[in-house]
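K.L.:
just the structure for this:
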Amino acid sequence: MSTNFKLFVTGATGHLGSLVIDALLERVPADDIVAGVRDPGKETAVAIRKKGVEVRVADYSQPETLTSALGGVDRLLLISGTELGQRRAQHRNVIQAAKGAGVNLIAYTSVLHADATPLSIVEEHRETEADLAASGVPYVLLRNGWYSEVFFWRLPLALKLGVYPGATGEGRVSPASRADYAEAAATVLTGEDHAGRVYELAGDASFTISELVAMVADHMGKPLPFQNMATEEFRAALLQAGVPEKHVMLLSEIDAGIAKGAMFDDGKELSRLIGRATTPFRETAAEVVSRLVV
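P.N.:
Prediction:
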């Protein structure tokens, strides 16, 4: 069934964006969807086009591409960028282009409890939220929590070290899969009465990192203990293992935030929004581990 709206997804070739495209295709015809990409020749962009979805160049850092890309668009999903330190300016470019194009709704993927989180790296999200409020364009905030898949970024290093290193203590996370968050975005883009809402989105269940490591070890069929460290010790271990310094600072910042509860939420707003339980972490672990060569 058509929404009678033109729906635009930025960052459509990314992990989350491509899943949002698929979730939208389950709800509306391909003609209703536009995928914003930086490189239309990228394999993922070509695959999206083959699904019947229109692909337009939309580069956060090139406002002229945004102005043309957003013509005729009714509702926009602004997926937050990944270039730390540049995101506010990039997001502002999108917001200004959307306002100029007459977009009626902007959904923005922010971070869980962005207004109160102890994570300093969330400042750009707070700034973007403020820019949205000042823009005059109706908007909805999708404050996404812990992505289950993010846990596995550190797994190759853990397998190399024989332990999963961290500095999270007994802090708990409430993980959900990228597909869960994608479905939430698709629900908002195709639904009604979401403007002005702030959704704090997280998985139904919460765990310590030690508990998540134990689940993964169980799926691998080999021991992988969690080694909790003081923050400085954790940073030193990562540097010694050859992790680039900028990634060391990011990982240590995230772990410090987890230790303070930055990625915990028990409101179950995500499962209510998508109308089903969120994907259990064990399912994601089984899927990822099955692809690993260990």
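
K.L.:
so residue 277 touches residue 271, yeah?
P.N.:
Yes: if you go by CB atoms under 8 Å, residue 277 and residue 271 touch, sitting 5.4 Å apart. No exception for glycine: its C-beta is placed from N, CA and C like everyone else's.

K.L.:
how about the helices in the stretch 151-294 of the chain?
P.N.:
Listed from the start of the chain, the stretch 151-294 of the chain has helices (DSSP state H, counting those that start in this stretch) covering 155-161, 178-190, 209-220, 231-240, 245-259, 269-274, 281-291.

K.L.:
how about the shortest one: buried residues?
P.N.:
Of all the residues in helix 269-274, those buried under the rule 16 or more other CB atoms under 10 Å are 269, 270, 271, 273, 274.

K.L.:
just those now: which is nearest residue 80?
P.N.:
Distances from residue 80 to the buried residues of helix 269-274, taken as CB to CB, are shortest for residue 270 (17.0 Å).

K.L.:
state the helix or strand in which residue 96 lies.
P.N.:
When elements are defined using DSSP states H and E, residue 96 is found to belong to helix 87-101.

K.L.:
show me what that helix is packed against.
P.N.:
Contacting helix 87-101 under the criterion 3 or more CB pairs under 8 Å, 6 or more residues apart in numbering; DSSP states H and E are the following elements: helix 63-69, strand 75-78, strand 105-111, helix 123-135.

K.L.:
any chance of the buried residues of helix 269-274 in JSON lines, with pLDDT and distance to residue 154 too?
P.N.:
Compiled in JSON lines, the buried residues of helix 269-274 are given as follows (pLDDT from 0 to 100; distance: CB to CB, whole Å):
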{"residue": "269", "pLDDT": "98", "distance to residue 154": "27"}
{"residue": "270", "pLDDT": "98", "distance to residue 154": "24"}
{"residue": "271", "pLDDT": "98", "distance to residue 154": "26"}
{"residue": "273", "pLDDT": "98", "distance to residue 154": "29"}
{"residue": "274", "pLDDT": "98", "distance to residue 154": "27"}
